[in-house]
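Peer 1: how does the following fold in three dimensions:
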Amino acid sequence: MQALAGLKRMSGAAILVWPFAICFGLRYDSLRWILPIMILLLVLRLSQTRQKTGPMRPVLQRMALAGIALCIASWLLKTHQLLLFYPVAVNGVMLALFGSSLWSAMPLVERIARWRDPALSPTGVRYTRRVTQIWCLFFIGNGAMALFTALHGDITLWTAWNGVIAYLLMGALMGGEWLVRRRVMERDR
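Peer 2: Numbering: from 1, shown residues only. The predicted structure is shown next:
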């Protein structure tokens with residue numbers, strides 16, 4: 001049972017360490033053994049998402065499928081630069097899911113909020129729509145920068161942006177949103 005829990009953590013970590021694993025593999029010509037491990041971890045991640053429920057399930061599934069496709073294509077075509085486009089694909093998937101939800105009755109952030117609190121106030125509904133729009137802008141900007149770093153060809157810049165800076169910006173956005181949400185919730189009482 002502990003081995004299964006360890007594999008679950010490793011498959012989740014595969015997404016986070018992607019930039020560093022790819023950087024290492026490209027610099028030390030070791031992608032031939034890193035790619036099969038990444039594929040295995042992403043397949044495991046995909047199978048784990050089938051057991052999940054909630055609004056983020058399709059996001060996690062599509063991210064795993066994008067990673068698997070890029071790994072297999074890179075391995076078969078022996079064009080490892082394809083791996084640099086995984087962060088672009090992830091941002092594209094996230095933008096598509098968050099953006100398309102804006103045209104539905106319930107944007108993705110509202111679905112997530114209602115999962116925790118089914119009785120969301122009208123102010124909360126408006127707020128979640130705005131947060132969904134802000135995340136869409138983030139995915140556009142982050143995806144554009146990820147594309148720039150992939151096309152630029154500087155592996156150090158690519159790794160710094162996609163492995164550190166993007167996560168720091170994402171964390172800052174989450175933290176800022178949490179602070180604003182607390183203020184909105186207090187005002188809504």
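Peer 1: relative to N162, how far out is G141?
Peer 2: G141 sits 13 Å away from N162 when distances are taken as CB to CB, to the nearest Å. For the C-beta atoms, the positions are set from N, CA and C on the backbone; glycine is no exception.
Peer 1: tell me the secondary structure for V180?
Peer 2: Secondary structure, DSSP: H, G, I helix; E, B strand; the rest coil: V180 is helix.
Peer 1: residues near it, how many?
Peer 2: 14 (other CB atoms under 10 Å).
Peer 1: and what of F98?
Peer 2: F98 has 22 nearby residues by other CB under 10 Å.
Peer 1: you'd agree H152 is up against W158?
Peer 2: Yes - look at H152 against W158 with CB atoms under 8 Å: they come within range, at 7.4 Å.
Peer 1: neighbour-wise, which of the two wins?
Peer 2: With other CB under 10 Å as the criterion, H152 and W158 differ in neighbour count, and W158 comes out ahead with 22 against 12.
Peer 1: who touches the more buried one in this structure?
Peer 2: When contacts are counted by CB atoms under 8 Å, 6 or more residues apart in numbering, W158 touches 19, 23, 84, 149-150, 152.
Peer 1: mind checking which of these land in helices?
Peer 2: Counting by DSSP state H, these place 19, 23, 149-150, 152 in helices.
Peer 1: among those, which ones are buried?
Peer 2: Neighbour-count burial (16 or more other CB atoms under 10 Å) applied to the ones in helices among the contacts of W158 gives 19, 23, 149-150.
Peer 1: what's the farthest-apart pair in those residues?
Peer 2: Greatest spacing in these, by CB to CB: C23 and A150 (12.5 Å).
Peer 1: now name the helix or strand holding L70.
Peer 2: L70 is located in helix 57-77, with elements delineated by DSSP states H and E.
Peer 1: ok, residues contacting that helix?
Peer 2: With contacts defined as CB under 8 Å, 6+ apart, helix 57-77 is touched by 14-15, 18, 31, 35-36, 38-39, 42-43, 45-46, 49-50, 52, 79-80, 82-83, 85-86, 89-90, 93-94, 97.
Peer 1: do stretch 22-31 as well
Peer 2: Contact partners of stretch 22-31, identified using CB under 8 Å, 6+ apart, comprise 34-35, 74, 80, 83-84, 86, 155-156, 158-159, 163.
Peer 1: repeat that for 7 Å
Peer 2: Outside stretch 22-31, the residues that touch it by CB atoms under 7 Å, 6 or more residues apart in numbering are 34, 80, 83-84, 155, 159.
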